[in-house]
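Asker: Got a sequence here, can you build the structure:
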Amino acid sequence: MPAPATVASFNALVASHARSGRPSQALRTFRDMLARGFPPDHFTLPPVLRSCALTGSAALAAASHTLSVKLGAQGNLFVASALVQCYAGMSNLPDARRLFDGMRERDAVLWTSMLSAYAQGGQPEKAMRFFEGMVAAEVQLDVVVMVSLLLACGQLGWRRHGRSVHACCVRRFLGMPLSLGNALLDTYVKCGELAYAERVFSVMPRRDVISWTALIVGHGLNGSSDVALRLFDEMVARGVEQNSVTFLGALSACAHSGMVEKAYAILEQMKRKGIKPELKHYSCLADALGRAGRVTEAVNLIEEMPCQPDEAMLGGILAACRVHGEVDAAERISKRLMAMSPAKSGYYMSLANMYSDAGRYVDAERIRGFMKEVKVDKLPGYSVSESNN
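Answerer: Predicted coordinates:
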């Protein structure tokens with residue numbers, strides 16, 4: 001006979017589902033627990049709140065918060081930390097901060113949860129100011145704190161602060177945990193410090209797909225396409241599994257250097273691994289084609305790919321059409337851009353100027369006349385001069 005259900009057994013099952021990446025199942029188990037009349041406690045709520053954040057269940061998160069107040073569990077540090085992480089995970093940082101400020105007692109986990117919320121929520125300035133409060137409160141600084149600090153430094157582009165955090169990590173921790181090494185790589189890449197990123201990468205005792213991808217993307221963005229592609233090939237040779245972002249970094253490097261055949265090969269490799277290319281991957285291939293002067297091929301790619309192009313992708317191809325004098329391709333792209341943004345004069349003027357460059361003055365005047373007809377005004381130019389007065 002199966003053992004009778006208890007609060008403890010339900011808690012263990014909810015926590016197991018939440019830890020194993022099955023948040024929906026964790027929430028279903030929690031609902032079953034309530035339906036069968038078992039009262040939740042402060043051990044039940046943290047995994048439930050984490051699952052709410054992962055599934056985006058704002059209504060259930062609010063209900064769980066209300067339940068924690070009714071149970072008197074909101075003052076429990078574990079529940080409070082989970083509430084902060086839950087609201088932060090749903091991009092509700094004001095409510096997360098109100099919860100933090102309302103706590104009479106705060107431990108290192110609660111402080112770290114709020115710092116991570118600011119750093120991961122794209123508010124690096126607030127993260128740095130909050131860290132000053134942590135130092136003043138003499139909170140123990142651990143690896144999670146340092147990772148959050150590095151994330152904020154990278155977002156702000158603060159090279160000097162990033163190096164200071166790195167030096168602090170060397171003094172405080174033996175070795176280099178993987179999460180810390182990846183955070184250092186990310187910070188140095190975002191700050192354009194590729195030499196420092198290379199040094200960190202070389203001394204990391206363990207590397208994963210995030211480590212390799214950070215360095216590949218960094219070199220690709222900073223114009224070292226040959227280094228980025230060499231790292232990508234080395235990663236493949238070592239048997240490290242690539243992900244969608246890795247392929248994006250390699251395709252971006254191909255786009256910057258106009259390496260069309262390599263870009264095609266990487267896209268096919270991506271498909272063979274069962275990773276479905278997204279719009280951003282096709283955009284890199286179209287960019288590579290445009291830079292190489294294979295504009296008609298880029299237009300055909302846009303029309304045949306399984307996803308709809310966005311304005312940025314089409315605008316990049318239109319610019320390539322202008323550079324390489326591909327008027328027919330420009331007409332096909334311009335029609336789509338004008339349908340997307342009929343009030344943007346730049347697309348009309350680009351096509352009219354291309355007609356003029358090709359000696360098709362009648363067509364150029366036709367476009368300008370159409371602009372007047374639909375009341376699309378050309379943006380006036382302006383200049384600024386400095387006066388001594």
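
Asker: Now do the helices in the stretch 101-250 of the chain.
Answerer: Taking DSSP state H, counting those that start in this stretch, the helices of the stretch 101-250 of the chain run over residues 108-120, 124-136, 143-156, 159-172, 178-190, 194-203, 209-221, 225-237, 244-257.

Asker: Can you name the residues in contact with stretch 227-242?
Answerer: 207-209, 212-213, 215-220, 246, 249-250, 252-254, 259, 262, 266, 270, 273, 275 (C-beta atoms under 8 Å, 6 or more residues apart in numbering). To be clear about C-beta, it is placed using only N, CA and C from the backbone, and glycine gets the same treatment.

Asker: Show me which of these are buried.
Answerer: 207, 212-213, 215-220, 246, 249-250, 252-254, 259, 262, 266, 270, 275 (16 or more other C-beta atoms under 10 Å).

Asker: How many neighbouring residues does residue 327 have?
Answerer: 15 (other C-beta atoms under 10 Å).

Asker: Could I get the pLDDT score of it?
Answerer: In this model, residue 327 is scored at 87, pLDDT.

Asker: Pretty sure it sits against residue 356.
Answerer: No. Counting by C-beta atoms under 8 Å, residue 327 does not reach residue 356; the two are 10.6 Å apart.

Asker: where along the stretch 251-389 of the chain do the strands fall?
Answerer: Using DSSP state E, counting those that start in this stretch, no strands are found in the stretch 251-389 of the chain.

Asker: can you list the weak-confidence ranges in it?
Answerer: Scanning the stretch 251-389 of the chain for pLDDT under 70 picks out the ranges 375-389.

Asker: what about residue 132, how many neighbours?
Answerer: Neighbour tally, residue 132, other C-beta under 10 Å: 9.

Asker: now it: how far from residue 111?
Answerer: 12 Å (C-beta to C-beta, to the nearest Å).

Asker: same question, residue 185
Answerer: 25 Å.

Asker: and if you look at residue 52?
Answerer: For residue 52 relative to residue 111 (C-beta to C-beta), the value is 22 Å.

Asker: neighbour-wise, which of these two wins?
Answerer: Taking other C-beta under 10 Å, residue 52 and residue 111 do not tie; residue 52 has more neighbours (29 against 22).

Asker: Is that one within a helix or a strand, and which one?
Answerer: Using DSSP states H and E, residue 52 maps to helix 45-55.

Asker: and the following helix or strand past that helix, what does it pack onto?
Answerer: Using DSSP H and E, the helix or strand that follows helix 45-55 in sequence is helix 58-70. Packed against helix 58-70, as judged by 3 or more C-beta pairs under 8 Å, 6 or more residues apart in numbering; DSSP states H and E, are the following elements: helix 45-55, helix 77-89.

Asker: Which among those is found nearest to residue 101?
Answerer: helix 77-89 (10.6 Å; C-beta to C-beta).

Asker: in that closest one, what counts as buried?
Answerer: Buried residues in helix 77-89 (16+ other C-beta under 10 Å): 77, 79-89.

Asker: excluding its backbone neighbours, what's nearest residue 332?
Answerer: Using C-beta to C-beta, 6 or more residues apart in numbering and skipping the chain neighbours, the partner closest in space to residue 332 is residue 299 (5.6 Å).

Asker: Spell out which residues sit in contact with the one you found, please.
Answerer: Going by C-beta under 8 Å, 6+ apart, the list of residues near residue 299 reads 317, 329, 332-333.

Asker: for residue 100, same thing?
Answerer: Contacts of residue 100 (C-beta under 8 Å, 6+ apart): 80, 84, 106, 110, 114.

Asker: didn't the last one look like it was pressed against residue 96?
Answerer: Think residue 114. Yes. Counting by C-beta under 8 Å, residue 114 touches residue 96, with 6.6 Å between them.

Asker: shared neighbours of those two, anything?
Answerer: Common neighbours of residue 114 and residue 96 (C-beta under 8 Å, 6+ apart) are 84, 88.

Asker: Compare those two and say which one has the larger neighbour count.
Answerer: residue 114 (28 against 23).

Asker: wait, doesn't residue 128 sit right on residue 150?
Answerer: No. Taking contacts as C-beta under 8 Å, residue 128 lies outside contact range of residue 150: 11.5 Å.
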